[in-house]
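> okay, here's the prediction I keep looking at, along with the sequence it came from:
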Amino acid sequence: MEFEPVIGLEIHAQLKTKSKIFCSCSTEFGAPPNTHVCPVCLGMPGVLPVLNKKVVDFALRIAVAIGCRIAETSRFARKNYFYPDLPKGYQISQYELPIAEFGQIEIDVEGTRKKIGITRIHMEEDAGKLNHDPNRPLSHVDLNRTGVPLIEIVSEPDLRSPEEAGAYLRKLRSILRYLEICDGNMEEGSFRCDANISLRPKGREELGTRAELKNLNSFKHVEKAIQYEIRRQQAVLEEGGEVIQETRLWSPDSGKTNSMRGKEEAHDYRYFPDPDLLPLVIDDEWIQKVKEELPELPDDKTERFVEQYKLPVSDAERLTSARELAEYFEECLKTFPEPRPVCNWITGTLLGLLNAQGKTIEDSPVSAENLGGLLKLVQEDVISGKIAKTVFDEMAVSGKPAKQIVEEKGLIQVTDVSAIEEVVLKVLESSPKEVEAFKNGKKKLMGFFVGQIMKETRGKANPKIVNELLRKKLEG
């Protein structure tokens, strides 16, 4: 029997507010344990939560951006469970009346466009963190993260492959970063993913029994974990067994998922409306204000890059995958207004350097203005394309502009025809066998002659002039 995977993702995105959702404690990452805490986020008796308006603003941004229906009235609820990192014994979240529902995100996988439905978006507070002692059977509780604002974005079970799940995750992360409401750092836990996977016979509408996967802290791990879980469930079903509804942990070391516990249902948490927080009312004026302040989003920017700069869709999508990368591209065009070469240098040479160094575009050692200045020197025939690569490498190390490096190292391109002609004659005279072979039809030797001339001039001879003189001497 052929089975079809059915996948839904639950994303927790930490919002980039300066203070927590219900108190004024800092949300800064990396502080000493239990220093960003107060009686409110520690759940001391008699304290009352006060909602941070910026959290609602940020939740509205993503809701509007992906076309959700925003609730006029939403409510906070208490999600009751016991765990050492949850000081109140419950988590303030939203349940029956979330802030937004029924949006969608478009993804592109292998050239096929697909819409993924969004079930709901709700706001909640984060729990603390347990740090396990590697040497003793002890765990230390750090409550700095307690009360940090989150939004949970729950997809419809519309995904059908690990690749679609990865594309959805990347697209959602890109939108959140464009909106500047979440930094999307999976390693620090500010962008977390749980995956629900089930299998059903192909063609059947009824969903199979699902397993929830946790501990997915990178795009690569999400795709690998889903792929493994699909294979595991398929093996169970083919052997006549039944898939158990449970929560499973992904182990990157073993490349497997392992059973953690039985899957909880909503009733297990005994949700009820939080009596300390009033219903949240959002009027049309607030929504309209959010709409007016939205930035240009990835899909719109991609469309504009194709239309305005005449770029291929694939290049436009790559440049707009991150807001900072798109801004770098357009900043570079202010110095050198030629979209195609700028795109080629950014997506090739620059991103290659950044990937090798483990850096992002924000940390680029070559500024957009300096890259534009380098390409301007190539266009004006001050340096050759080959020398430009050498200059770029020096720019990446020193941070100096291209013009200064070219002057300091004497790399200005030789365009004097008579000077280049002397070198051409010298190379041809020293290579009589190659000249004879070329004249007998071995035209590929043109590359050999050009290489020798560039070697003699230390790469500074104008390639166009070199090729013209060679053809004249060899074919004239």
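Yep, it's here. Residues are numbered from 1 along each chain as shown.
> L216: what's it in contact with?
Neighbour list for L216: R192, C193, D194, A195, V222, A225, W250 [criterion: CB atoms under 8 Å, 6 or more residues apart in numbering]. To be clear about C-beta, it is placed using only N, CA and C from the backbone, and glycine gets the same treatment.
> is it fair to say the last one lies in a strand?
Yes: using DSSP: H, G, I helix; E, B strand; the rest coil, the secondary structure at W250 is a strand.
> for it, list the residues it contacts.
Under the criterion of CB under 8 Å, 6+ apart, the contact list for W250 reads L213, K214, N215, L216, H221, K224, A225, Y228, K256, T257.
> quick check: closest non-adjacent residue to the last one.
Spelled out, that is T257. Excluding its sequence neighbours, the residue lying closest to T257 (CB to CB, 6 or more residues apart in numbering) is R248, at 4.2 Å.
> now do that neighbour against K386, distance only.
The spacing between R248 and K386, counted by CB to CB, to the nearest Å, is 54 Å.
> do the same with A437
From A437 over to K386 (counting by CB to CB), the distance is 25 Å.
> now swap in P5 and tell me
Remark: distance between P5 and K386 (CB to CB) = 49 Å.
> got the CA positions of the host helix or strand of E468 in CSV?
Using DSSP states H and E, E468 maps to helix 463-475. Only the C-alpha atoms of helix 463-475 are listed here, as CSV (Å, rounded to 0.1, in the frame of the first residue of the first chain):
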residue,chain,number,x,y,z
PRO,A,463,42.0,41.3,-21.8
LYS,A,464,40.0,42.8,-24.6
ILE,A,465,43.2,44.5,-26.1
VAL,A,466,45.2,41.3,-25.6
ASN,A,467,42.6,39.2,-27.5
GLU,A,468,42.4,41.7,-30.3
LEU,A,469,46.2,41.9,-30.8
LEU,A,470,46.6,38.1,-30.6
ARG,A,471,44.0,37.5,-33.3
LYS,A,472,45.6,40.2,-35.5
LYS,A,473,49.1,38.6,-35.1
LEU,A,474,48.0,35.0,-35.4
GLU,A,475,45.2,35.2,-38.0
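> now for it, which elements pack on it?
For helix 463-475, the helices and strands in contact under the criterion 3 or more CB pairs under 8 Å, 6 or more residues apart in numbering; DSSP states H and E are helix 417-429, helix 432-439, helix 445-456.
> domains in this structure, by residue range?
Under the assignment named as automatic domain parsing, the residue ranges that make up the domains of the chain are 3-289, 296-409, 417-475.
> can I get the ones you listed in JSON lines with mean pLDDT?
Formatted as JSON lines, the entries for the domains of the chain read as follows, by pLDDT from 0 to 100:
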{"stretch": "domain 3-289", "mean pLDDT": "92"}
{"stretch": "domain 296-409", "mean pLDDT": "92"}
{"stretch": "domain 417-475", "mean pLDDT": "77"}
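> neighbouring contacts of stretch 438-457?
386, 414, 420, 423-424, 426-428, 431, 434, 437, 461, 463, 466-467, 470, 474.
> can you get me the start-to-end distance on it?
Its start and end residues considered, stretch 438-457 measures 22 Å (CA to CA, to the nearest Å).
> please shift the residue numbers so they start at 35 in all later answers.
Shifting the count to begin at 35 puts that one at stretch 472-491.
> would you mind measuring from H166 to P79?
H166 sits at a distance of 30 Å from P79 (criterion: CB to CB).
> could you pull out the helices for the stretch 235-384 of the chain?
With helices called from DSSP state H, counting those that start in this stretch, the stretch 235-384 of the chain shows them at 253-272, 318-327, 332-343, 347-353, 357-369, 373-378.
> of all these, which one is nearest P132?
When the helices of the stretch 235-384 of the chain are compared for distance to P132 using CB to CB, the nearest one is helix 318-327, at 15.4 Å.
> so which elements touch that closest one?
Contact here means 3+ CB pairs under 8 Å, 6+ apart; on that basis helix 318-327 packs against helix 87-99.
> just want the angle from the helix it packs on to helix 318-327.
Between the axis of helix 87-99 and that of helix 318-327 there is an angle of 70 degrees, by axes from the mean of the first three to the mean of the last three CA atoms, to 10 degrees.
> more neighbours: R282 and K420, which one.
Taking R282 and K420 together and counting by other CB atoms under 10 Å, R282 has the greater number of neighbours (24 against 13).
> and the longest strand along the chain with helix 87-99, angle?
Determined from DSSP state E, the single longest strand within the chain is strand 146-159. Between the axes of strand 146-159 and helix 87-99, defined by the same axes, to 10 degrees, the angle is 160 degrees.
> starting at the chain centroid, how far to the next helix or strand after strand 146-159?
For strand 146-159, the succeeding helix or strand toward the C-terminus, using DSSP H and E, is strand 163-166. For strand 163-166, the distance from its own C-alpha centre to the chain's C-alpha centre is 27 Å (CA atoms, centre = their mean, to the nearest Å).
> so what strands line up beside strand 163-166?
In the sheet, strand 163-166 lines up against strand 173-176 (antiparallel) (DSSP bridges).
> give me the contact list for the following helix or strand past the strand it pairs with.
Sequence-wise, the next helix or strand beyond strand 173-176 is strand 183-189, with elements assigned using DSSP H and E. The set of residues external to strand 183-189 that reach it, using CB under 8 Å, 6+ apart, is 42-49, 51, 54-55, 61, 86, 89, 92-93, 96, 127, 139, 150-160, 202, 206.
> buried among these? Make that a PyMOL selection.
Once 16 or more other CB atoms under 10 Å is used to decide burial, the buried members of the contacts of strand 183-189 can be selected in PyMOL as follows:
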select buried, resi 42+43+44+45+46+47+48+49+51+54+55+61+86+89+92+93+96+127+139+150+152+153+154+155+156+157+158+159+160+202+206
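> return stretch 478-485 as CSV; C-alpha atoms alone will do.
Extracted in CSV, the C-alpha atoms of stretch 478-485 (Å, rounded to 0.1, in the frame of the first residue of the first chain):
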residue,chain,number,x,y,z
LYS,A,478,42.1,26.2,-28.1
LEU,A,479,45.7,27.5,-27.7
MET,A,480,44.3,31.0,-27.7
GLY,A,481,43.8,30.5,-24.0
PHE,A,482,47.4,29.5,-23.5
PHE,A,483,48.7,32.7,-25.2
VAL,A,484,46.3,34.9,-23.2
GLY,A,485,47.5,33.2,-20.0
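> chain center to that stretch, what's the gap?
Remark: stretch 478-485 is offset 43 Å from the chain centroid, using CA atoms, centre = their mean.
> flag every buried residue along that stretch.
The neighbour-count criterion (16+ other CB under 10 Å) identifies L479, F483, V484 as the buried residues of stretch 478-485.
> what sits closest to the first one if chain neighbours are left out?
It stands for L479. Spatially, and ignoring its direct neighbours in sequence, L479 is nearest to F472 (4.5 Å; CB to CB, 6+ apart).
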